[in-house]
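> Need coordinates for the below:
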Amino acid sequence: MKVSLVEKEKDFAKFEIAGESETLTVLIASKKPGEIASVREHPFMEEPKLVVKSKNPVKTVEEAVTEVLNDIKEFKKEFSRAVK
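The predicted model follows:
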């Protein structure tokens, strides 16, 4: 995986996530609807991107990723409990 900052303005940023599918970008975007969107211009030619429109785009993505990690930790606990 490689994350690149493609475009950045005051309240806008676009990040390209090379080597990953849209599954990851959609998951991240789902944590901040209205602020983050998952975009893929062409399914075979383009890498998935996160488009962020907020007062602090970098912080917004960091917060969304933290939420995803917390969900994964919670799932791991529940999964371990279920298979015992």
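> Now K49, what are its backbone angles?
Listed backbone geometry of K49 is phi -130, psi 150, with angles given as degrees, to the nearest 10.
> give me the beta-bridge partners of it?
E16, V39 (DSSP bridges).
> Please report how far it lies from S80.
In this view, K49 and S80 are 34 Å apart by C-beta to C-beta, to the nearest Å. Using the backbone N, CA and C atoms, a C-beta is placed for each residue, glycine as well.
> between those two, who's got more neighbours?
Counting neighbours by other C-beta atoms under 10 Å for K49 and for S80 shows that K49 has the greater number, 21 against 9.
> Might one say that that one is in contact with T25?
Yes: under the criterion of C-beta atoms under 8 Å, K49 makes contact with T25 at 7.0 Å.
> Common neighbours of those two, please.
Counting by C-beta atoms under 8 Å, 6 or more residues apart in numbering, the contacts common to K49 and T25 are 17, 38-40.
> Can you flag the buried ones in those residues?
Among those, those classed as buried by 16 or more other C-beta atoms under 10 Å are 17, 38, 40.
> Got the confidence number for the residue lying closest to E46 once chain neighbours are set aside?
Excluding its sequence neighbours, the residue lying closest to E46 (C-beta to C-beta, 6 or more residues apart in numbering) is R40, at 5.6 Å. Model confidence at R40, given as pLDDT, is 90.
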